[in-house]
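1. model the following, please.
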Amino acid sequence: MRALPDKHLWKRFNLIAGVDEAGRGPIAGPVVASAVILPQNFFNSEIDDSKNLSVATRERLYATITRVALSFSFGIVDSDLIDKINILQATKLAMREAIRGLNPQPEIVLIDALLIEGLSLQQIGLVKGDTLSISIAAASILAKVKRDALMCEYHKQYPHYQFFKHKGYPTKLHRRCIREFGPCPIHRKTFRLL
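-> Numbers count the residues shown, from 1 in each chain. This next block holds a predicted model:
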């Protein structure tokens, strides 16, 4: 099921921000959150949860979303801070940073499955929000494409780990690389690496 335009769900708001993240499950690299405000009547039937889309489709939609969005922003928390404050708190911090970067600021924030403590804006946490809200789905695409690009950059620094293939997720290939070379500086030390 494709995400619905937000105006059908929250008609009284004009500036609705969708927020989502990429990178909670990997054992290496940052967690990246995105916040995006789309025009009120915007709809694109291809926009869906990033996990349901091919790499090529995500990258094409990234270009569309960043072109039409009223505002979009990212929050990035690196692996060292993830290890210090835990992945849930790091995710919320990245989301706060992404929301803070929006200009204009939204009237309401729709967040995939979470609520963020200390946020002064009205917020709604939606379970499976990336299938219910086009803004959350758009944010999931932006966050995923941004994080994947960062992991490809890390591959240049640490080519032995082949980050361009698995993007830091705990695949057999990735774990084999860790066994052979040990962890590198972007591995999350508090996560089970092997």
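
2. which regions of this structure lie under the pLDDT threshold?
-> Low-confidence segments of the chain, defined by pLDDT under 70: 1-11.

3. which helix in it has the most residues?
-> Counting residues, the longest helix in the chain under DSSP state H turns out to be helix 134-157.

4. would you list every one of the strands in the protein?
-> 16-22, 31-37, 71-77, 108-112, 122-126 (DSSP state E).

5. possible to save those as JSON lines with mean neighbour count?
-> Heads up, the C-betas are built off the backbone N, CA and C, glycines and all. Shown next, in JSON lines, are the strands of the chain (neighbours: other C-beta atoms under 10 Å):
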{"stretch": "strand 16-22", "mean neighbour count": "30"}
{"stretch": "strand 31-37", "mean neighbour count": "30"}
{"stretch": "strand 71-77", "mean neighbour count": "21"}
{"stretch": "strand 108-112", "mean neighbour count": "24"}
{"stretch": "strand 122-126", "mean neighbour count": "15"}
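
6. switch those over to CSV; also include distance to Lys84.
-> Formatted as CSV, these follow (distance: least, C-beta to C-beta, whole Å):
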stretch, distance to Lys84
strand 16-22, 18
strand 31-37, 13
strand 71-77, 10
strand 108-112, 23
strand 122-126, 25
